[in-house]
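Undergrad: Here is a sequence with its predicted model. Questions after.
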Amino acid sequence: MGLISAIGDSVNENRYSLRNERSGIGHIRFYQTAYAGKLPTAEVKHSTDELNKKIFGENGNPAITRTSLFALHAAKEAILDSGLTKEEISSADTALVGATTVGGMCLTDELYHDALAKDHGTPFLSSYDYASVTMAVQEYFGIQGEVSTINTACSSSANAILYGARLIRHGFAKRVIVGGAESLAKFTINGFNALNILSSKPCAPFDRNRSGLNLGEGAAFLVLEKEEDIRGKNKYAFLSGFGNKNDAYHPSSNSPEGDGPYLSMKEALKSAGLNAGDINYINAHGTGTENNDETESRAMLRLFEKVPPFSSTKSFTGHTLGAAGAMEAVYSILNLVHQEVYPSLSFQDPIPETGLIPVRFFAQEKILHVMSNSFGFGGNCSTLIFSKT
């Protein structure tokens, strides 16, 4: 596993922040926007130039995007952690499935400036589309197997994990590097602000007075392999089940009763061969918006006779959109490996209509199965279940 976010530059640093309830949400430092100082975000604590030099050396790579730099950082940690050899990485049976929603759109201003000022093109053009992020990882590591990019909004990297598992299951790949990356961009900040769902203070998932989400940035990657192919290797957890459903209710909202979330969770349980009562913890989608938190709560109440402990780690990292599913998959696996749960920060009072109270403080718990929810715009809802080895 590999990870970079507003709360750390590695998996271990992220775990330290989660255990010690250290949120990464604050004021923007490295990104130029009219909302700096007004709308808090969860920004990675490094400039783009600093990240570029760390990966490409002193001269850097002038055409690479911040999004791709996050992806390279996290993928590098994951690949080193996996013990894959160069031969395995470049093998035709090693696939790569990336995810993002912003892609290179964080360079829109630079691209526009060059289009007006230059006659010979711009180095940013090749980095602009969202597939460029996955292609940057492919080129950097010399991956020659199947390469795909998924964009289903906020469920993108959860679906990358789901799709990677299917590639292995059906014999199209022996191992798959899966994950997602996202960076702050005017496109998303202005877009979400136009929807009136950005909070002017740190988000409070599942709180009755929640006022919206905080955007975040970062990346996470994981390496998937069959159990019989990892003898002698470190294994963190089993991806035991997954589900994807689309309620197609509204471009940016779930149906009032949470049909999409309910059906994706139900399908994931069926895929894993588990009952609802077997789930010990849920990493909820939990954006902090009025619609999501109530509809996700209703879906959990429909599915579970007794809702298990749940929380939203977006209260630490903000909503990282296309990277959220992979980042929260890593957090879910940490729950299993270390037998611990992480809280929802800023929670005070439950939603009156549902009454659910998330985990409020870090705790050690016996955990065998963790459910991780990721729900995207357009109703694309995905659920992953990880089980202890």
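TA: Good, I have the coordinates. Predicted, not measured: the structure shown is a model, and the values here were computed from it. Numbers count the residues shown, from 1 in each chain.

Undergrad: Now tell me which helix or strand of the protein has the poorest mean pLDDT.
TA: helix 108-117 (a mean of 77; mean pLDDT, DSSP states H and E).

Undergrad: Now do it: which elements does it pack against?
TA: Applying 3 or more CB pairs under 8 Å, 6 or more residues apart in numbering; DSSP states H and E, one finds that helix 108-117 contacts helix 186-194. Quick note: C-beta positions are derived from backbone N, CA and C, even for glycine.

Undergrad: Show me what the helix it packs on is packed up against.
TA: Taking 3+ CB pairs under 8 Å, 6+ apart as the contact definition, the neighbouring helices and strands of helix 186-194 are helix 108-117.

Undergrad: May I see the buried residues of the helix it packs on?
TA: Under the neighbour-count criterion of 16 or more other CB atoms under 10 Å, helix 108-117 has Glu110, Leu111, Asp114 buried.

Undergrad: between those, which is closest to Ser255?
TA: Within the set of the buried residues of helix 108-117, Leu111 lies nearest Ser255; the separation is 37.6 Å, counting by CB to CB.

Undergrad: excluding its backbone neighbours, what's nearest the closest one?
TA: Of all residues beyond its chain neighbours, the one nearest Leu111 is Phe124 (4.6 Å), with distances taken as CB to CB, 6 or more residues apart in numbering.

Undergrad: so who does the one you found touch?
TA: For Phe124, the contacting residues are Ala63, Gly104, Leu107, Glu110, Leu111, Asp114, taking CB atoms under 8 Å, 6 or more residues apart in numbering as the criterion.

Undergrad: sorry, back to before: reformat the buried residues of helix 108-117 as TSV; add distance to Glu87.
TA: Converted to TSV, the buried residues of helix 108-117 look like this (distance: CB to CB, whole Å):
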residue	distance to Glu87
Glu110	38
Leu111	38
Asp114	40
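
Undergrad: does the residue nearest the centre of the chain sit in a helix, a strand or a coil?
TA: If you average the C-alpha coordinates of the chain and look for the closest C-alpha using CA atoms, centre = their mean, you land on Ala324, 1.7 Å from that point. Classification of Ala324 into helix, strand or coil gives helix, according to DSSP: H, G, I helix; E, B strand; the rest coil.

Undergrad: Touching, it and Ala160? I think so.
TA: No. Taking CB atoms under 8 Å as the definition, Ala324 is not a contact partner of Ala160, at 11.4 Å.

Undergrad: Of all pairs in the contacts of Phe124, which one spans the longest distance?
TA: Of all pairs drawn from these, the greatest distance, 13.0 Å, lies between Gly104 and Asp114 (CB to CB).

Undergrad: hmm, back to that, who touches both of Ala324 and Ala160?
TA: In contact with both Ala324 and Ala160: Gly180, using CB under 8 Å, 6+ apart.

Undergrad: longest helix anywhere in this protein?
TA: helix 66-82 (DSSP state H).

Undergrad: pLDDT averaged over it - what is it?
TA: Regarding helix 66-82, the rounded mean pLDDT is 97.

Undergrad: ditto for stretch 201-215
TA: Across stretch 201-215, the average pLDDT comes to 97.

Undergrad: Any idea how far that stretch is from the middle of the chain?
TA: Taking CA atoms, centre = their mean, to the nearest Å, one finds the center of stretch 201-215 at 18 Å from the center of the full chain.

Undergrad: For it, buried residues please.
TA: Neighbour counts using 16+ other CB under 10 Å place 202-208, 210-215 of stretch 201-215 among the buried residues.

Undergrad: And those, which is closest to Ala34?
TA: Minimum separation from Ala34 among the buried residues of stretch 201-215 (CB to CB) is found for Leu215, which lies at 14.4 Å.

Undergrad: show me the contacts for the closest one.
TA: The contact partners of Leu215, by CB under 8 Å, 6+ apart, come to Thr41, Ala42, Leu184, Thr188, Ile189, Phe192, Leu198, Gly318, His319, Thr320, Leu321.

Undergrad: quick one: it and Lys186, what's the gap?
TA: As judged by CB to CB, to the nearest Å, Leu215 and Lys186 stand 11 Å apart.

Undergrad: Walking through the stretch 51-200 of the chain, point out its helices one by one.
TA: Residue ranges of the helices in the stretch 51-200 of the chain, as given by DSSP state H, counting those that start in this stretch, are 66-82, 86-89, 108-117, 131-141, 156-169, 186-194.

Undergrad: and of those helices, who's closest to Glu257?
TA: With CB to CB, the closest approach to Glu257 among these belongs to helix 156-169: 21.6 Å.

Undergrad: Tell me which other helices or strands that closest one touches.
TA: Packing partners of helix 156-169 (3+ CB pairs under 8 Å, 6+ apart): strand 94-99, strand 147-150, strand 175-182, strand 218-225, strand 237-246, helix 324-338, strand 369-375, strand 380-388.
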